[in-house]
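Participant: Pasting a predicted model and its sequence here:
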Amino acid sequence: MDLKIVKDYRENETIRHSFNKLAMEIFGIDFESWYQHGFWTERYKPYSVLLDGEVVANVSVNRMTMRTPEKDYHIMQLGTVMTYEQYRNRGYIRMLMEEIEKDYAGQTDGFYLFASDSVLGFYPKFGFEPAEEFQAVKVKEADGHMVTGGQDKKAFTVQKVPMETREDWDRLVKCIEKSVPNSRFEMMDNAQLAMFYLSSFMKDNVYYVADEDAYVVAELEDSELFLTAVYADHVVDLDKIRNAFGDGFSEVRFGFTPLSEDGYAVLSYKQEDCTLFLKGNCWKAYRQDKLRFPELSHA
């Protein structure tokens, strides 16, 4: 039996395909198209157990820069934690976690990850602590106005943006790269991670709001509007962004932390079968300011 740990092998076609096969079986996620489109960069590094030439377990490291109004945080997100069922309970994930900890000791402000509820007892063994998540929300009052002083709807319009071709993707990437923070906790210099979503299963969620000259990622479902992300080279008016989608929504939820809390309720949030874990001494601002990891920063 030939067992070894392999790292950052995105240019190795054989190992990459084996990694992708595991990801497809465990999560139904296709990383190969992300790679072929040129969006898989050195920021995303798999750490895998290779057994007789096959990837059987993995923990990936995502190098993140998160910007707050006060400072930038250079942190590592762990994700794509997976093992074939027949190879579980052999300590492979522990091996990978220890290897990652050794490689990044003293090189990061902190670590974080999102874990399924079935493994909540595992990550504290490595110094991770569960943390509360938050979400900014606006709800409509009985008179049809948005709570906390939202402005009346005006004649704003929103256009669906096609995301089918390389030209479509390149235009959006350029916008993301030029975008200024429109949240108090913004993912920086990582348009490629956002494109993991926007070039594939969220490609139908991209819009353009001409009045604010902004790209908006949004999901519309029944009476709810979920504003996932906003990209522009200036600070936008979120009321105008919201109103561009019409006034038929009783609730607007945000996949990021608005720059200003005025007009928004910040509520505790719990995603089904998912718990946030933090490690390190850099998380005071996250907890104190009730920040939210941007939806498109999850990996």
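Facilitator: Yep, that arrived.
Participant: ok, the residue lying closest to N281 once chain neighbours are set aside - how many residues close by?
Facilitator: Distances taken as C-beta to C-beta, 6 or more residues apart in numbering put G110 closest to N281, at 7.0 Å, once the chain neighbours are dropped. Placement of C-beta: from N, CA and C, glycine included. Around G110 there are 18 other residues, counting by other C-beta atoms under 10 Å.
Participant: Residues in a beta bridge with G110, which ones?
Facilitator: In this entry, G110 is beta-bridged to I75, G280, by DSSP bridges.
Participant: doesn't G280 make contact with it?
Facilitator: Yes. Between G110 and G280 a contact is recorded at 2.7 Å, counting by C-beta atoms under 8 Å.
Participant: Run through the residues that contact A57.
Facilitator: 22, 48-49, 82-84, 87, 92-93, 96 (C-beta atoms under 8 Å, 6 or more residues apart in numbering).
Participant: can you map out the strands along the stretch 101-250 of the chain?
Facilitator: Using DSSP state E, counting those that start in this stretch, the strands of the stretch 101-250 of the chain run over residues 110-115, 129-131, 133-139, 159-160, 186-188, 206-209, 214-221, 224-231.
Participant: packing partners for the last one?
Facilitator: I take that to be strand 224-231. helix 166-178, strand 214-221, helix 238-243, strand 251-254 (3 or more C-beta pairs under 8 Å, 6 or more residues apart in numbering; DSSP states H and E).
Participant: shared neighbours, G110 and G280?
Facilitator: I75.
Participant: Which positions in the lengthiest strand in the chain come out as buried?
Facilitator: Counting by DSSP state E, the longest strand found in the chain is strand 54-67. Applying a neighbour-count criterion of 16 or more other C-beta atoms under 10 Å, one finds 54-64, 66-67 buried in strand 54-67.
Participant: between that strand and strand 110-115, how many degrees?
Facilitator: Counting by axes from the mean of the first three to the mean of the last three C-alpha atoms, to 10 degrees, strand 54-67 lies at 120 degrees to strand 110-115.
Participant: model confidence over strand 54-67, on average?
Facilitator: The pLDDT scores in strand 54-67 average 97.
Participant: low-confidence ranges in the stretch 51-200 of the chain?
Facilitator: Residues of the stretch 51-200 of the chain that meet the criterion pLDDT under 70 lie in 140-156.
Participant: Rebuild the strands of the stretch 101-250 of the chain as CSV, extending it with distance to K290.
Facilitator: Formatted as CSV, the strands of the stretch 101-250 of the chain follow (distance: least, C-beta to C-beta, whole Å):
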stretch, distance to K290
strand 110-115, 16
strand 129-131, 11
strand 133-139, 4
strand 159-160, 32
strand 186-188, 15
strand 206-209, 26
strand 214-221, 22
strand 224-231, 17
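Participant: what ranges do the helices span in the stretch 1-150 of the chain?
Facilitator: For the stretch 1-150 of the chain, applying DSSP state H, counting those that start in this stretch gives helices covering 13-27, 32-36, 92-104.
Participant: And the contacts of the shortest one?
Facilitator: With C-beta under 8 Å, 6+ apart as the contact definition, helix 32-36 has outside contacts at 10, 16-17, 20, 40, 195-196, 199-200.
Participant: Try it again at 7 Å.
Facilitator: If you take C-beta atoms under 7 Å, 6 or more residues apart in numbering as the criterion, helix 32-36 is touched by 10, 16, 20, 40, 196, 200.
Participant: Can you turn the buried subset of those into a selection I can paste into PyMOL?
Facilitator: PyMOL command restricting these to the buried ones, with burial defined by 16+ other C-beta under 10 Å:
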select buried, resi 10+16+20+40+196
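Participant: which one of the contacts of helix 32-36 sits closest to P258?
Facilitator: Among those, F196 lies closest to P258 (C-beta to C-beta), at 23.8 Å.
Participant: what about the closest one, distance to E295?
Facilitator: Applying C-beta to C-beta, to the nearest Å, the value for F196 to E295 is 12 Å.
Participant: can you pull the contacts of the closest residue to K290 other than its chain neighbours?
Facilitator: Nearest non-adjacent residue to K290, counting by C-beta to C-beta, 6+ apart: F134, 4.3 Å away. Contact analysis of F134 by C-beta under 7 Å, 6+ apart lists 266-269, 290-292.
Participant: and with 6 Å instead?
Facilitator: Contacts for F134 (C-beta atoms under 6 Å, 6 or more residues apart in numbering) come out as 266, 269, 290, 292.
Participant: again, but for P46
Facilitator: 19, 58, 60.
Participant: ok, these vs Y208, which is closest?
Facilitator: For the contacts of P46, the nearest to Y208 is S60 (32.0 Å; C-beta to C-beta).
Participant: Off-centre distance for the longest strand of the chain?
Facilitator: Computed by C-alpha atoms, centre = their mean, to the nearest Å, the separation of strand 54-67 from the middle of its chain amounts to 13 Å.
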